[in-house]
Structures are given as C-alpha cells and as structure tokens.
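In: Just need the structure, nothing else, for what follows:
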Amino acid sequence: MIENPDSLLYTAEHEWVEIAADGTAVIGITAFAQEQLGDIVYLDLPSPGATLTQFSKMGEIESVKSVSDLLSPVHGEVIEVNTAAVKSPELINEDPYATGWLIRARLTDPNDPGRLLSRSEYDALVAGLDH
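Out: As a prediction, the model looks like this:
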C-alpha cells in the first residue's frame, strides 16, 4: 500500500491537498480511494477559472466499479487541470500523490486547512474503515 505523505492534508471523503506558501493548492484522491475504486477509467474535472467550495462536488471519477463524486478539500479557483490524468486516468492508480494529481487551485479561504485532517487523523479514519 502507498503511504500517505505527512506534508498533505486530507478529507474524510478521501481527497488530499498540498497547500503551498504562495496560497496555491494541489488536489488529488488518496491511495485508499484509488484502491477502493479499482481501475480508474474516466475523470470529469472543473475547468480553469471554476470556483471550488470546500466539501462540495468539484467533479466525478469513474472506475470499472462505480462513479463517485470528487469533493473539493478547499475553497478556491481552479488554475490548472492535470490534462495527463484526464487523458490517462490510470495515472491515478499508479501514483495518486505525484503523476495522478487532479487540479491546482488558488485558495480563497485561509481557514480551510483547519477543517482538514492531518496524516495521523486520516490514517486513523482509514484504519477504522478496514475493520
């Protein structure tokens, strides 16, 4: 199993976010999420300029098993979409924390990180789901 990086923040819905000092954020789904989904075959992501609302739907991810909503871990504006992952969704299965990131956004609410989970909190949440 792929380790969850310490440098990221997480949601209970299995998204991750890496917030840079300049107020930009990279968003993706966790290793646990991609393992639960199985082979990912399609992504529907917001376009650059779209507004994100924390914990609200920002797109969909489809696997051979199901279609799931993607929820934004932050408030912000989309500034970039990972077109490589859109064209080749299997990148998410290969490495959800590097080549499989989904979008880059400019944050609009500095309080967002306080509403997210640390790695240890997220790991505890996932451990509870495995039983």
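
In: Next up, the contacts around the residue sitting nearest the centre point of the chain.
Out: Note on the chain: the residue nearest the mean C-alpha position is Gly28, at 2.4 Å, using Cα atoms, centre = their mean. Residues in contact with Gly28 (Cβ atoms under 8 Å, 6 or more residues apart in numbering) are Glu15, Trp16, Ile92, Pro96, Tyr97, Gly100, Trp101, Leu102. In short, each C-beta sits where N, CA and C put it, glycine included.

In: Now do the helices in this structure.
Out: Using DSSP state H, the helices of the chain run over 31-37, 83-87, 90-94, 119-129.

In: Now do the third one: everything it contacts.
Out: Spelled out, that is helix 90-94. Contacts for helix 90-94 (Cβ under 8 Å, 6+ apart): 28-29, 34, 39-40, 43, 61, 82, 84-85, 99-100, 102.

In: Could you pull out the buried residues of it?
Out: Neighbour counts using 16 or more other Cβ atoms under 10 Å place Leu91, Ile92, Asn93 of helix 90-94 among the buried residues.

In: Show me the strands in this structure, by range?
Out: Secondary structure of the chain by DSSP state E: the strands cover 9-10, 15-19, 24-29, 40-44, 51-52, 57-63, 67-71, 76-81, 103-107.

In: The longest one packs against which elements?
Out: Spelled out, that is strand 57-63. Judged by 3 or more Cβ pairs under 8 Å, 6 or more residues apart in numbering; DSSP states H and E, strand 57-63 is in contact with strand 40-44, strand 67-71.

In: The strands of the chain into TSV, with extra columns for distance to Ser118?
Out: Formatted as TSV, the strands of the chain follow (distance: least, Cβ to Cβ, whole Å):
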stretch	distance to Ser118
strand 9-10	7
strand 15-19	11
strand 24-29	16
strand 40-44	26
strand 51-52	21
strand 57-63	22
strand 67-71	18
strand 76-81	20
strand 103-107	18
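
In: got any ranges where the chain has weak pLDDT?
Out: For the chain, the stretches flagged by pLDDT under 70 are 1, 130-131.

In: Having no further points to raise, I will conclude here.
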